[in-house]
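# here is my input, please return the structure:
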Amino acid sequence: MTAELAAGPGWRRRTSAGAARDLLPPVVAFFGAIVVWEVVVRALNLKQFILPSPLAIAAAWGENLPELLAAAAYTLGEIVAGLAIGATAGIIVGAAAARFSAIRGSLLPFAIVANSVPIIAFAPIFNNWFGTDNQFSKAMIAAVLVFFPVMINTLRGLLNVDPSALELLRSYAAPERTVFRSLRVPNSLPFIFTALRVATTLATIGAIVSEYFAAPPSSNVCDRRPRIGTADLRPTRRPEP
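Predicted structure coming up:
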C-alpha cells in the first residue's frame, strides 16, 4: 500500500511527461507550417486572393468576428436541423423496411439510385420549393444526404442478427415485437451510431454547399456575389422601341 502511494506521484509525472512528448511534435509541426506559410507568401509576394497570409487571416478574423459568429450560428442551425430530420427519417424508414419485406424490396433500388445523385442536383430543387432565403431549404438538403446512410445502416443492423440468438428466441415462441425489441434493436445500435458519425460530416457538407448556391447576404459574410434566381433566367419580352 505504501509502495503504491510512493509510486503514485512518480507515475503521474512520467505519464505527464509522456503526454507532453507525444503532444510536442504535432504542435511544432503546426506552428512550423504557419511560419513557412507566412514566409512563402511574403517571399513570393503572392496576392491575397490567391493565398492570404496567416497574419492577414488573423486580422480579418478579428475584424469580422461578430459577423463570422453570426454566420457560423446560422450554418450550425442548418446542420443540426438537417442531421435531426435526416437521421429520424432514416431510422424510421429503415425500421419499416426491416419489418416489411415489400417495403424493403421496393425502396432499396430507389435509395441506391437517389444516393448516387450529386448534391448540386438537389440544391436548386429545394431552393425553388422552400425559397432561397429560407433556412429550411438548406436543412432539407443536408437531411437528404444524411437520410440514406442512416437508413441503409439501420436496415443492415436490424437484419444482420446472430442466427443462433434469433433461433433461440423463436424456439421460445417469442413474438416478432419481442424479437425486434430484444435482439434486432440492440444489434442495430453500432450500425446506427457509425452512420451518425458519417452523417454528421455529410450534414456539414450539405449545409455549406447549399449556402454556396443561395444564402441570405446578411447571414453569410463570405458570399458577396450577386445571386441569380430562376426568375432571372426566364425569357423576358424585349421592350418595344
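
# show me where the chain has helices.
Using DSSP state H, the helices of the chain run over 2-44, 54-63, 65-99, 101-115, 119-130, 135-159, 163-171, 176-179, 185-213.

# for this structure, which spans come out with low pLDDT?
1-19, 214-241 (pLDDT under 70).

# of the helices of the chain, flag the one that's most buried.
helix 135-159 (a mean of 24; mean count of other C-beta atoms under 10 Å). (Glycine included, C-beta is placed from N, CA and C.)

# residues touching Gly157, list them.
Going by C-beta atoms under 8 Å, 6 or more residues apart in numbering, Gly157 touches Arg184, Asn187, Ser188, Leu189, Pro190, Phe191, Ile192.

# my read is that the first one contacts Asn160, right?
No - contact criterion C-beta atoms under 8 Å: Arg184 and Asn160 do not qualify, at 9.5 Å.

# those two - which one has more neighbours?
Shown here are Arg184 and Asn160; by other C-beta atoms under 10 Å, Arg184 has more neighbours (20 against 12).

# ok, the more buried one to Ala139 distance?
Distance check for Arg184 against Ala139: by C-beta to C-beta, to the nearest Å, it reads 30 Å.

# swap in Tyr212?
15 Å.

# with Gly62 instead?
Distance from Gly62 to Ala139, by C-beta to C-beta: 30 Å.

# what of Ile120?
17 Å.

# and if you look at Ala165?
39 Å.

# now the contacts of Gly157 as JSON lines including distance to Ala203?
Formatted as JSON lines, the contacts of Gly157 follow (distance: C-beta to C-beta, whole Å):
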{"residue": "Arg184", "distance to Ala203": "26"}
{"residue": "Asn187", "distance to Ala203": "25"}
{"residue": "Ser188", "distance to Ala203": "21"}
{"residue": "Leu189", "distance to Ala203": "20"}
{"residue": "Pro190", "distance to Ala203": "20"}
{"residue": "Phe191", "distance to Ala203": "18"}
{"residue": "Ile192", "distance to Ala203": "15"}
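
# quick check: the farthest pair among these?
Across the contacts of Gly157, the longest distance by C-beta to C-beta is 12.6 Å; it joins Arg184 and Pro190.

# tabulate the CA atom coordinates of stretch 111-127 in CSV.
C-alpha atoms of stretch 111-127 as CSV (Å, rounded to 0.1, in the frame of the first residue of the first chain):
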residue,chain,number,x,y,z
ALA,A,111,-32.5,4.6,-52.3
ILE,A,112,-29.4,3.4,-54.1
VAL,A,113,-30.2,5.5,-57.2
ALA,A,114,-31.0,8.6,-55.2
ASN,A,115,-27.9,8.2,-53.1
SER,A,116,-25.8,8.4,-56.3
VAL,A,117,-27.3,11.8,-57.3
PRO,A,118,-24.8,14.7,-56.6
ILE,A,119,-25.7,17.3,-54.1
ILE,A,120,-25.7,20.1,-56.7
ALA,A,121,-28.7,18.5,-58.3
PHE,A,122,-30.7,18.8,-55.0
ALA,A,123,-29.8,22.4,-54.2
PRO,A,124,-31.8,24.1,-57.0
ILE,A,125,-34.8,21.9,-56.4
PHE,A,126,-35.1,22.6,-52.7
ASN,A,127,-34.3,26.3,-53.1
